[in-house]
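what shape does this take:
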Amino acid sequence: MKIETTVKERVEHALEICRPYLQADGGDIQLVNIKDNGVVELRYEGTCVICPLSPLTLRAGIERTVLHWAPEVKRVECVKFINY
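Below is the predicted model of the structure:
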């Protein structure tokens, strides 16, 4: 019997796979939103916010993992929040 999972659950699973690597360097990543057009929005935390390799990590590591586990996702983007 196959258990159906939601896109959000599969994206969260993919992030759980990536998270230990980010946490090992003092960073983390959180799911912000999954848009109707298939774009997943994530937010870096900790040292990932200032790391110059974060864009590479997003494309080569995180996005690949998310697309593997949730193939209906079209793209993964990192969003930033401005605190006033």
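
and the pLDDT at residue 80?
Looking at residue 80, its pLDDT is 81.

helices of the chain, start to end?
For the chain, the helices defined by DSSP state H occupy 7-23, 54-56, 64-69.

worst average pLDDT in those helices?
helix 54-56 (a mean of 94).

now do that helix: distance to the chain's middle.
Offset of helix 54-56 from its chain centre (CA atoms, centre = their mean, to the nearest Å): 12 Å.

so how far is residue 19 from the nearest residue to residue 45 once chain neighbours are set aside?
Once flanking residues are discounted, residue 45 sits nearest to residue 28: 4.2 Å by CB to CB, 6 or more residues apart in numbering. Backbone N, C-alpha and C define where each C-beta goes, glycine included. Residue 28 sits 6 Å away from residue 19, going by CB to CB, to the nearest Å.

hmm, residue 42 and the residue nearest to residue 45 touching each other?
No: under the criterion of CB atoms under 8 Å, residue 28 makes no contact with residue 42, lying 10.3 Å away.

OK, contacts around the residue lying closest to residue 32 once chain neighbours are set aside?
Spatially, and ignoring its direct neighbours in sequence, residue 32 is nearest to residue 41 (4.3 Å; CB to CB, 6+ apart). Contacts for residue 41 were tallied using CB atoms under 8 Å, 6 or more residues apart in numbering; they are 31-35, 77-79.
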